[in-house]
Each structure stands twice: as C-alpha cells, then as structure tokens.
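Enquirer: here's a sequence, model it:
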Amino acid sequence: MFLRSRTPIVVLVAFVFLLIGWQGLRAKTNTESSDIYQYLRLFSDVLNIVQDNYVEKTDSKKLMHGAINGMLRELDPHSSFLKPEDYKELQIETKGKFGGLGIEISLRDGVLTVVSPLEDTPADKAGILAGDQIIKIDDEPTQDMTLMEAVQKMRGPKGTKVRLTIIRKGEKKPLEFSLVRAEISIRSVRSRVLEPGYGYVRISSFQSGTASDLRKTLEQLEIDAGSLQGLVLDLRNDPGGLLDQAVEVSDEFLDEGLIVYTGGRLESQQMRFEAHKNSKPRNYPIVALVNAGSASASEIVAGALQDHKRAIILGEQTFGKGSVQTVIPLNDGSAIRLTTSLYYTPSGRSIQAKGITPDIVVKREVPDKDGDDGADEMRRLREKDLPRHMENNKQESEEAKPNGSELETQKMIEQDNQLRRALDILKSYKIMAQMQLK
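Expert: Numbers count the residues shown, from 1 in each chain. Next up, the predicted model:
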C-alpha cells in the first residue's frame, strides 16, 4: 500500500518539474525573440531617420547591403557579404580564370595581409611576398576595407594599372609596387622529374579539377621518371581553395583512415571525410614542402599526410587558417560567405591561428642576383683546379649531357635550399633500404 501510494506523487512531481522546465524554456525563447524584435525595431527606426533626414537622397538597396556587410564584418575576417557582381567573380575564380594581380589576401589582426602571391602572376613577378601588409590600394587606405572591397579594387581589366603600398617586416619604410593587371589563368598542378626516379609536383591552389589534374600528372610522372622512388609535393605559397579538392588530393596518397573532420554549432556542419583504397597504390616516400603562404586546403593536405605518417613535412610554419566558409546564395543574386565550422586534422588538431608545424624546419635561403644561395660560399680547391692536372680521357657522351629542361631543373634545385633538402631526404630512404638488405 505504501509503495503504491507513492507512485502517483512521484509522477506528479516529475510532471510539475517538466512544466516548470517548459515554462522556463518558453520564457527564454520569448525573451530572445523579444530582444531580436527590439533590435529590428531599432534598425528600422535608424533606417527611417536616415532616409528622412540625411543631407542627400539615399539608396535603400545600398543602405541594406551596407548594413548586412557591417553585420557580417562583426563575426570574423572571412565572413562577408557578396554583392551579385562579387558572387559572380567568386564563381569565376574557383574555375581558375579571372582578371587581376594574383594575390590571395586575408585580414590578420585587422590588417589586410598577403597570404601568398599566385605563381607566375603580376604580384609574384613583382616580388610581393607572403606576410606583406597592404596599407594602401591606389592611395586609398585599406584600414576600413572589407576583404571583398579590397579584392574588387585589385581586380580589373587586363592591362590596367594599380598601385599597392606595402609594409614588410625588416623594411624601414613602406614599399610601393606599380602593377599591371593580367588575365590570371591558374594552372594549379605542375610537375617535373628532378632526377631519375624522383618526381616533383607543385600545387599552387585548390580549384575545381585540381584532384583530377593531380591524378593525370602522377600517372605521367610515374612513366617519365620510371619507377618512382620518391616524390616532392610542393604546397608552398598555396593559399588553399575548395575543401573537396583538398580531401581528394589527400586521398590520392592515403588508402584508409580519416582525412579531415569539421566541427560546427549545427549537426549538419559536423562532417567526416575518409580515405578510400586506391586502385593504383602509390607507396613511394613523400616530402611535402610548406611555408607561411601555405593556408587552408594546403594545410588540410599537409596535416592529413603528417598525422598518417605518410609524408615528412619540411619547411616553415604554415599560415593557420583552420575555418571553413560556406557560400549561401540569396534571392537577388547576392550571397553571404559565412564561417560555419572549423576543421581538424585526423589526430584532432585545430590549426586555426597556429598552422602546421613542419617535422623538419628549414628556412628558405633567398638566392642573390647571381643565383648563388650562399651554399658554395666557401669553395674548396679540387683536382681539376690544379695547374698541370691530368685530364680524364673518358669523355662524357653526348647522350649523357643534360638538355635544356634538365639544366632548368638543375638550376631550380641549386637555387632552392628547401627543395635540395627534400631531395636529399628522399635519396636517403633508398640508401638506408639498401643498407638494411645487405
């Protein structure tokens, strides 16, 4: 009897608590809605005051776009409003062809900063570097510019000029660059044979088709280099691009396991990307080159290969852009680019504002004007330098002499200390393997 009499009381108490919880939740929801409506009324009042009292007649569309842009600027440097023309430009850019200077930019500590110049573009040829801070575009200060406003000012028809004023670490005064816009047609994947058995692949950005181009490039490189014994994957000054392409590129070198996962506030923003077994295994050693201009998608690739012990990461600390932006189209042809999640490497590392730390840190040595990077500064006397030395009667055959392409490759290796180091590491794999077999 006692136990039976308690049961309704327990149920009743639980029901009361449930009602209290529901009332609290509803009160919280009502409070939040009330706050939003209050702020919307405030916005409406300000809009009416501006339209009625401003010294000149206002453009309602311009005011609304400005308000939306200001709201998104309060969030983070990568969220922005894209006017219809900006949205079209973004779509063109992901296909790899647009008019401009070839600079990937970001806001770092509120300052317009170069992530990296794209390869073989006006910015690259002029000597603009990753980390340069752009303080003026055509004498207009960039202090209050959004990323899209800065991009729009640097974009333009081929042959037109733009002037950038830049602050560079180590320089005592600002630098000025007068650049001529060009049609930027990005070839995102390039390759060459460094030496017999050793290949080189450069990915300059991740755009639609990058993974497909890489696949074809690797197949051709494996033919040209013979049986590949090692690969240098160059991700330096690669500002990133499309997430799906970073996943597919990583998948080319991984047969299983997690590549990257994203975490956001909503369940739909929490995604995991897994590697698949490749029909053609690529088991050769890899050294991936990175630097301060390696950002976003290139950091995803470097992080995945590093966590899976699939590649040695060599170079300098990367940029540290670990957020994912989703472009959401709007009814009038405009769109918003919104940071919706952060991405994490397979081991759970977030590289946001930190970057990927190389396994082997090697600072880039800049060659002087004569092409000497300082490696041969202390030249040693050799037998061939001695007077009256005996000649080697066994002359090098014509076939053994390097052709123009090989000479160009040799020069590239001589002037790039990070690439030389990577090649030496790959060669050491073979030497160590041969030593173990003996």
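Enquirer: pLDDT of the top strand by length along the chain, averaged?
Expert: The longest strand of the chain (DSSP state E) is strand 335-344. Mean per-residue pLDDT for strand 335-344: 96.
Enquirer: next SSE downstream of that strand?
Expert: strand 360-361 (DSSP states H and E).
Enquirer: run through the bridge partners of the nearest residue to I360 once chain neighbours are set aside.
Expert: Setting aside the residues directly before and after it, I360 is nearest to L314 in space (C-beta to C-beta, 6 or more residues apart in numbering), at 4.6 Å. (Glycine included, C-beta is placed from N, CA and C.) Beta-bridge partners of L314, counted by DSSP bridges, are L289, I360.
Enquirer: and for the one 10 residues further on?
Expert: In this structure, V324 bridges to S341 when assessed by DSSP bridges.
Enquirer: please apply the same query to L107.
Expert: According to DSSP bridges, beta-bridge pairing links L107 with L112.
Enquirer: cool, G230 as well?
Expert: Here G230, judged by DSSP bridges, has bridge partners Y198.
Enquirer: dump the residue contacts of the residue nearest to I360.
Expert: Counting by C-beta atoms under 8 Å, 6 or more residues apart in numbering, L314 touches 287-290, 358-360, 362, 418, 421-422, 425.
Enquirer: what's the distance between it and Y200?
Expert: Going from L314 to Y200 by C-beta to C-beta, to the nearest Å gives 13 Å.
Enquirer: in terms of secondary structure, what does the helix or strand hosting A302 contact?
Expert: Here A302, judged by DSSP H and E, is contained in helix 297-307. Helix 297-307 sits against helix 243-251, strand 258-264, strand 286-290, strand 312-315, with contacts defined as 3 or more C-beta pairs under 8 Å, 6 or more residues apart in numbering; DSSP states H and E.
Enquirer: repeat that for 7 Å
Expert: helix 243-251, strand 258-264, strand 286-290 (3 or more C-beta pairs under 7 Å, 6 or more residues apart in numbering; DSSP states H and E).
Enquirer: is it possible to mark the buried ones in the contacts of L314?
Expert: 287-290, 358, 362, 418, 421-422, 425 (16 or more other C-beta atoms under 10 Å).
Enquirer: most widely separated two among these?
Expert: V290 and I425 (14.4 Å; C-beta to C-beta).
Enquirer: ok, which of the helices and strands packed on helix 297-307 comes nearest G170?
Expert: The minimum distance between G170 and these falls on strand 286-290, with 21.4 Å, by C-beta to C-beta.
Enquirer: tell me what angle the closest one forms with helix 297-307.
Expert: In terms of direction (axes from the mean of the first three to the mean of the last three C-alpha atoms, to 10 degrees), strand 286-290 departs from helix 297-307 by 140 degrees.
Enquirer: chain center to strand 286-290: distance?
Expert: The chain centre lies 15 Å from the centre of strand 286-290; the measure is C-alpha atoms, centre = their mean, to the nearest Å.
Enquirer: and stretch 216-224, by the same measure?
Expert: With C-alpha atoms, centre = their mean as the basis, stretch 216-224 stands 25 Å off its chain's centre.
Enquirer: also stretch 40-53?
Expert: Using C-alpha atoms, centre = their mean, the offset of stretch 40-53 from its chain centre is 41 Å.
Enquirer: also stretch 146-155?
Expert: 18 Å.
Enquirer: then stretch 50-69?
Expert: Between the mean C-alpha location of stretch 50-69 and the chain-wide mean there is a distance of 36 Å, by C-alpha atoms, centre = their mean.
Enquirer: I am finished for the moment; much appreciated.
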